[in-house]
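Trainee: return a 3D structure for these sequence lines:
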Amino acid sequence: MNRKASRAIVIQSLYAWAFNEKNTKELIQEIESLHDITGINDFIIDSITKCIDNIEEIDAMITKHSLNWDFERLAP
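Mentor: Presented below is the predicted three-dimensional model:
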């Protein structure tokens with residue numbers, strides 16, 4: 001799988017996580033079955049894990065740089 005396809009899967013997975021907040025292992029298993037992928041590459045796993053583990057810091061950075069926008073108005 002190329003890097004572009006991997007990034008697309010990461011974004012789709014994080015969007016799905018925003019609604020379900022499954023743990024990382026469940027999310028990765030769901031991705032494998034949904035996309036019919038065996039052995040998801042390390043880039044996907046690392047990206048999803050790091051984003052979920054650091055979500056509070058990421059949200060704080062978005063809030064800081066979103067001038068004239070309430071964080072709640074931003075889409076998940």
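Trainee: which one is the residue nearest the centre of the chain nearest to, not counting chain neighbours?
Mentor: For the chain, the residue nearest the mean C-alpha position is L14 (2.4 Å; CA atoms, centre = their mean). Leaving out its chain neighbours, the residue that sits closest to L14 by CB to CB, 6 or more residues apart in numbering is C51, at 5.6 Å. All C-beta spots, glycine's among them, are computed from the backbone N, C-alpha and C.
Trainee: please state the offset of the host helix or strand of that neighbour from the chain centre?
Mentor: Mapping C51 onto the secondary structure by DSSP states H and E places it in helix 42-53. Put simply, helix 42-53 sits 7 Å off its chain's centre (CA atoms, centre = their mean, to the nearest Å).
Trainee: distance of the residue nearest to L14 from F19?
Mentor: To F19, C51 is 15 Å away according to CB to CB, to the nearest Å.
Trainee: next: E57.
Mentor: Counting by CB to CB, the gap from E57 to F19 is 21 Å.
Trainee: next: D70.
Mentor: D70 sits 20 Å away from F19, going by CB to CB.
Trainee: next one: A8
Mentor: Taken as CB to CB, the span from A8 to F19 is 18 Å.
Trainee: just want to know which of those two has more residues nearby.
Mentor: Comparing A8 with F19 by other CB atoms under 10 Å, the one with more neighbours is A8, at 14 against 8.
Trainee: so which elements touch the helix or strand containing that one?
Mentor: Element membership for A8, per DSSP H and E: helix 3-20. Counting contacts by 3 or more CB pairs under 8 Å, 6 or more residues apart in numbering; DSSP states H and E, helix 3-20 packs against helix 24-34, helix 42-53.
Trainee: give the next helix or strand downstream of the last one.
Mentor: On the C-terminal side of helix 42-53, the closest following helix or strand by DSSP H and E is helix 55-65.
Trainee: residues of that next one that come out buried?
Mentor: Buried residues in helix 55-65, counting neighbours by 16 or more other CB atoms under 10 Å, are absent.
Trainee: report the inter-axis angle for that helix versus helix 42-53.
Mentor: Between helix 55-65 and helix 42-53, the angle comes out at 70 degrees (axes from the mean of the first three to the mean of the last three CA atoms, to 10 degrees).
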